[in-house]
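>>> Would you be able to build a 3D model of this:
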Amino acid sequence: MNQDTINRIRRFSEDRDWDQFHSPANLAKSIVIEAAELLECFQWSEEKYDIQHIKEELADVLVYSRNLLDKLGLDEDEIINMKMTQNERKYPVEKAKGNAAKYDQL
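Numbers count the residues shown, from 1 in each chain. A predicted model of the protein is given here:
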């Protein structure tokens, strides 16, 4: 996410004095709620969906995720790379390629 977008998200909440409502727990709940709304876009069909609605719900998930990163003082690149390192160990290419099994089933 580029810095202009991050600043816009921060300014939106600041202008409305919403930080007072942005506890880590409330933000985590909001991410799950918005993710459920994203999933709802595919509720009755995996082929027929409204891409605009998907974009809106996915944006909500990303905005709340950005807010949670800020609230906890986390760097998205750092935590993503940490998790990718873990995933690369759990799912080595030679075992996982073309296989959707969970790491403990490989």
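>>> what about Ser30, how many residues close to it?
Neighbour count for Ser30, taken as other CB atoms under 10 Å: 19. (Each C-beta comes from the backbone N, C-alpha and C, glycine too.)
>>> Provide the secondary structure category for it.
helix (DSSP: H, G, I helix; E, B strand; the rest coil).
>>> The residue nearest to it when sequence neighbours are not counted: what's it in contact with?
Leaving aside its sequence neighbours, Ser30 sits nearest to Tyr64 (CB to CB, 6 or more residues apart in numbering; 4.5 Å). By CB atoms under 8 Å, 6 or more residues apart in numbering, Tyr64 lies in contact with 27, 30-31, 34.
>>> Check the gap between Tyr64 and Phe21 for me.
From Tyr64 across to Phe21, the span is 12 Å (CB to CB, to the nearest Å).
>>> Tell me which residue lies farthest from the centre of this structure.
Distance from the C-alpha centroid of the chain, by CA atoms, centre = their mean, peaks at Glu94 (28.1 Å).
>>> Tell me the spacing between that one and Gln86.
As for Glu94, its distance to Gln86 is 17 Å (criterion: CB to CB).
>>> where in this structure is pLDDT low?
Of all residues in the chain, none has pLDDT under 70.
>>> Could you pull out the helices in it for me?
Along the chain, counting by DSSP state H, helices occupy 3-16, 24-40, 51-72, 76-90, 93-96.
>>> could you dump those helices to a markdown table with distance to Leu106?
Output for the helices of the chain, formatted as a markdown table (distance: least, CB to CB, whole Å):
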| stretch | distance to Leu106 |
| --- | --- |
| helix 3-16 | 37 |
| helix 24-40 | 27 |
| helix 51-72 | 29 |
| helix 76-90 | 8 |
| helix 93-96 | 4 |
